[in-house]
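1. I'd like to go over a predicted model; first the sequence, then the structure.
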Amino acid sequence: MFIQQQVPFLVKENQKFAGTGGVSAHNAQARFVPAFKDACTGQVEISRFGDGRPAPCHLIDGLPEDWVTERDLKRRVVKTKATVVSGFVRSGHFYTRQEASDFMDKLAS
């Protein structure tokens, strides 16, 4: 078990997409991997723990340093650039949470 840092934008997104394919618990079986994208540059990064291991959900401690705008006294990420978007990677393609949710809805129908 691990302790997940709860950052406001991720909490809101998890609440918005609860029970849908827009969260890891409901799309992992379709090989969606939690990821982030810098909407400004197009760079995509898999969600990682602070030590670099892939994370099973969206965590910001493993983001590239140039995406981080603020850290706390323990060096944990507190804020990211405003252009960072959470989503998923599947088969080399980035999906927003909404796109992943829509994909999973189509699989179910």
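-> On my side now, so go ahead.

2. how long is stretch 19-37 end to end?
-> End-to-end distance for stretch 19-37, by C-alpha to C-alpha, to the nearest Å: 23 Å.

3. That stretch - what's its average pLDDT?
-> Averaged across stretch 19-37, the pLDDT comes to 96.

4. Now that stretch: buried residues?
-> By neighbour count on 16 or more other C-beta atoms under 10 Å, the buried set for stretch 19-37 is 20-24, 26-27, 32-37. (C-beta placed from N, C-alpha, C; glycine too.)

5. Using JSON lines, lay out those residues together with secondary structure.
-> Shown next, in JSON lines, are the buried residues of stretch 19-37 (DSSP: H, G, I helix; E, B strand; the rest coil):
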{"residue": "T20", "secondary structure": "coil"}
{"residue": "G21", "secondary structure": "coil"}
{"residue": "G22", "secondary structure": "coil"}
{"residue": "V23", "secondary structure": "coil"}
{"residue": "S24", "secondary structure": "helix"}
{"residue": "H26", "secondary structure": "helix"}
{"residue": "N27", "secondary structure": "coil"}
{"residue": "F32", "secondary structure": "coil"}
{"residue": "V33", "secondary structure": "strand"}
{"residue": "P34", "secondary structure": "strand"}
{"residue": "A35", "secondary structure": "strand"}
{"residue": "F36", "secondary structure": "strand"}
{"residue": "K37", "secondary structure": "strand"}
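
6. And those, which is closest to L59?
-> P34 (7.9 Å; C-beta to C-beta).

7. any low-confidence regions in this protein?
-> Scanning the chain for pLDDT under 70 picks out the ranges 1-6.

8. So which residues of it form strands?
-> Here the chain has its strands, by DSSP state E, at 33-38, 44-46, 68-71, 77-80, 84-90, 93-96.

9. Columns distance to K12 on top of the ones you listed, output as CSV?
-> As requested, those are exported to CSV (distance: least, C-beta to C-beta, whole Å):
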stretch, distance to K12
strand 33-38, 15
strand 44-46, 20
strand 68-71, 18
strand 77-80, 14
strand 84-90, 10
strand 93-96, 14
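
10. Report all helices and strands that the top helix by length along the chain contacts.
-> The helix spanning the most residues in the chain, taking DSSP state H as the definition, is helix 97-108. Packing partners of helix 97-108 (3 or more C-beta pairs under 8 Å, 6 or more residues apart in numbering; DSSP states H and E): strand 84-90.
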